[in-house]
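Undergrad: how would this look folded up:
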Amino acid sequence: MAVVTKGSAAITARDSAPTLGASQLASTKVATGRVKESIGVVAVANGDSTASVLRFFSVMSGWRVGSVLASCSAITGAAADIGLYDIPTRNAGAVVDADFFASAQDLSAALDGTNVLRESGLITVDKLEWPLWRLLGLPSDPGVWYDVAATLTAGATAAGNVALKGHFIDGN
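TA: Residues are numbered from 1 along each chain as shown. The predicted model follows:
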């Protein structure tokens, strides 16, 4: 075994710079970014079927995701993928990645702020510092908005409310 000293990407960038400027840290969005919080609540009706799309809030492609918290009343029978869609004025609101955050998240029992950020397995620990565009496999930041949405994978047999709260980091 060896005693080592290691740093995160932000610390390594800081330590390798001859002089530290605020823009060097801010550009990483991992050391000095500002947290933005978005929340949306959508009512689900008894009979809302599989493939129904519930849109909660919008995020920028350049933001880093801190958390996606799901809350709901017990909506019997319901489950949903939680992911990203284009906004309606871009590509007619087409799906980008329906289960980007969570896949078939159970909504049949009440949730109280369950963090679903890594449920789908796409965002692994080694990728927590990455902005959305990089997580999506894009070569650069397109500078676009995406809607965070839930797509029902199992229909609702009871009515209730679903809320998603997101924490995102913007380095600007």
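
Undergrad: if I pick V59, what's in contact with it?
TA: S38, V65, L84, L132, W145, Y146, V148, G166, F168 (CB atoms under 8 Å, 6 or more residues apart in numbering). (Each C-beta comes from the backbone N, C-alpha and C, glycine too.)

Undergrad: Next secondary structure after the lowest-mean-pLDDT helix or strand in the chain?
TA: Taking mean pLDDT, DSSP states H and E as the measure, the helix or strand of the chain with the lowest value is helix 22-26, at a mean of 48. Per DSSP states H and E, helix 22-26 leads on to strand 34-44 as the next helix or strand towards the C-terminus.

Undergrad: Quick one: the helices in the chain, in order.
TA: In the chain, the helices defined using DSSP state H lie at 9-16, 22-26, 132-135.

Undergrad: Which neighbouring elements make contact with the shortest one?
TA: Counting contacts by 3 or more CB pairs under 8 Å, 6 or more residues apart in numbering; DSSP states H and E, helix 132-135 packs against strand 64-72.

Undergrad: And the contacts of the strand it packs on?
TA: 29-30, 33, 35, 59, 82, 101-102, 105, 107, 110-117, 123, 129-132, 135, 148, 160-169.

Undergrad: So how do I select the buried members of the residues you listed in ChimeraX?
TA: Listed next is the ChimeraX selection for buried residues among the contacts of strand 64-72, using 16 or more other CB atoms under 10 Å:
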select :29,30,33,59,82,101,102,105,107,111,114,116,117,123,129,130,131,132,135,148,160,162,163,164,165,166,167,168,169
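
Undergrad: that older thread, compare the helices of the chain and say which comes out lowest on pLDDT.
TA: Note on these: lowest mean pLDDT is at helix 22-26, with a mean of 48.

Undergrad: What is the burial count for L84?
TA: By the measure other CB atoms under 10 Å, the count of residues near L84 is 21.

Undergrad: can you check V125 too?
TA: 7.

Undergrad: Spatially, what comes nearest to it if we skip its sequence neighbours?
TA: Counting by CB to CB, 6 or more residues apart in numbering, V125 lies nearest to R118, which is 8.0 Å off, once chain neighbours are set aside.

Undergrad: cool, and A150?
TA: A80 (3.9 Å).

Undergrad: for V41, same thing?
TA: Closest to V41 by CB to CB, 6+ apart is A163, at 4.4 Å.

Undergrad: got the contact list for the one you found?
TA: I39, G40, V41, V42, F56, A70, S71, C72.

Undergrad: For stretch 41-60, give the mean pLDDT please.
TA: The model assigns stretch 41-60 a mean pLDDT of 95.
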